[in-house]
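*Asks:* based on what follows, work out the 3D shape:
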Amino acid sequence: MRRLRHLTGRHRAPSTNRALGLLLAFNAGAINAGGFLLLHRYTSHMTGFTSQVADSLVLGDMTLLLGALGAILAFLAGAATAAIQINWGRHYRLNHVYALPLLLEAALMLPFGLMGAITLEWHTPFAVPLTVLLLSFIMGLQNALASKVSAGKIRTTHMTGNFTDLGIELGKALYWNRRRADADRVRPNLARVRLFGGLILAFVLGGLAGAAGFKHVGFVCVLPLAALLLWLSLPPYLDDLRHNDALRTWTFGWLGRLRRPPPRGLPGPPP
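*Replies:* Below you'll find the model as predicted:
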């Protein structure tokens, strides 16, 4: 349990960043693969959606344009939400500042796993079903979380940067050092090789699990992933809830507003 709390804690270490990054990369790979099987598009692929904006403007295809804009805006909203939650947690000195976005991600994935087929039929103003917007929001939320945790060093929802960094280290390993002094030799950073190779492998394994799960059992395959994120985020959140007045006020303030009965009527005009 202590190890679990360290993964979302304010004080970070390379090992905790790597462990959290691997878990999130697996999760992103599964969601990405499932999104492609369902929607024939990768919902974390903002490069493709941005290119789609340009293509649709040239072709005059407003449906294509609206779909791309919807995915981009949902991704941006997810990233902004994660940043707001993390900065709020830092401001009020939560011990587990990264638990809130993880808990929100789990809360969004649970209903998706239970009634995802319904969201495929819910139309939006962006000419794509709600499923596209929901998955893009989740990917933006998760990508911002990983970036904030690692100061931009770990990427979990797209692998272009990881392949680039891994290629750089492989280039160092292949560099010809024959006539260079030992102090000037070009050497690969093995810790970076393990990190980027591990993230790529976790993403691929998650993709295999997600593709097989969506193919054979459907949306319900998301539930174990949501349960994993819930297991990762709920105990630290409850720990902060017990010890942090600001989080307790915010949480129970929302509950109080939800339970408060609506006013029976508007007051009459003054005499």
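*Asks:* quick one: average pLDDT of stretch 80-96?
*Replies:* For stretch 80-96, mean pLDDT is 92.
*Asks:* run through who's touching it.
*Replies:* Residues from elsewhere that reach stretch 80-96, judged by Cβ atoms under 8 Å, 6 or more residues apart in numbering: 5, 8-10, 97-101, 104, 137, 140-142, 144-145, 148, 236-237, 239-240, 243-244, 246-247. To be clear about C-beta, it is placed using only N, CA and C from the backbone, and glycine gets the same treatment.
*Asks:* for residue 147, give its distance to residue 68.
*Replies:* Residue 147 sits 22 Å away from residue 68, going by Cβ to Cβ, to the nearest Å.
*Asks:* which of these two has more neighbours?
*Replies:* residue 68 (26 against 18; other Cβ atoms under 10 Å).
*Asks:* and the strands in the chain?
*Replies:* Shown for the chain, no strands are assigned by DSSP state E.
*Asks:* picking that back up, selecting buried members of the contacts of stretch 80-96 in ChimeraX, what would you type?
*Replies:* Buried members of the contacts of stretch 80-96 can be picked out in ChimeraX with the line below, counting by 16 or more other Cβ atoms under 10 Å:
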select :5,8,9,97,98,99,100,101,104,137,140,141,142,144,145,148,236,237,239,240,244,247
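*Asks:* give me the distance between residue 140 and residue 73.
*Replies:* According to Cβ to Cβ, residue 140 stands 10 Å off from residue 73.
*Asks:* repeat for residue 200
*Replies:* Look at residue 200 and residue 73: by Cβ to Cβ, they are 28 Å apart.
*Asks:* residue 146 touches residue 156, doesn't it?
*Replies:* Yes: between residue 146 and residue 156 a contact is recorded at 4.5 Å, counting by Cβ atoms under 8 Å.
*Asks:* now do the shared contacts for those two.
*Replies:* Contacts common to residue 146 and residue 156, judged by Cβ under 8 Å, 6+ apart, are 21, 24.
*Asks:* neighbour count: those two, which is higher?
*Replies:* residue 156 (29 against 24).
*Asks:* give me the phi and psi angles of that one.
*Replies:* Dihedral angles of residue 156 (phi, psi; degrees, to the nearest 10) stand at phi -120, psi -20.
*Asks:* so who does it touch?
*Replies:* If a contact means Cβ under 8 Å, 6+ apart, then residue 156 has 21, 24-25, 27-28, 142-143, 146, 199, 203 as its contacts.
*Asks:* what's the weakest-modelled helix or strand in the protein?
*Replies:* The least trusted helix or strand in the chain, going by mean pLDDT, DSSP states H and E, turns out to be helix 2-7, with a mean of 61.
*Asks:* mind listing what's buried in stretch 9-22?
*Replies:* Here stretch 9-22 shows 9, 16-18, 20-22 as buried, counting by 16+ other Cβ under 10 Å.
*Asks:* now render those as a markdown table, adding distance to residue 57.
*Replies:* Shown next, in a markdown table, are those (distance: Cβ to Cβ, whole Å):
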| residue | distance to residue 57 |
| --- | --- |
| 9 | 45 |
| 16 | 44 |
| 17 | 39 |
| 18 | 41 |
| 20 | 39 |
| 21 | 36 |
| 22 | 39 |
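*Asks:* and the residues you listed, which is the shakiest by pLDDT?
*Replies:* Ranking the buried residues of stretch 9-22 by pLDDT, residue 9 lands last with 71.
*Asks:* ok, the residue nearest to that residue when sequence neighbours are not counted to residue 12 distance?
*Replies:* Spatial nearest neighbour of residue 9, chain neighbours left out: residue 96 (5.5 Å); criterion: Cβ to Cβ, 6 or more residues apart in numbering. Going from residue 96 to residue 12 by Cβ to Cβ gives 12 Å.
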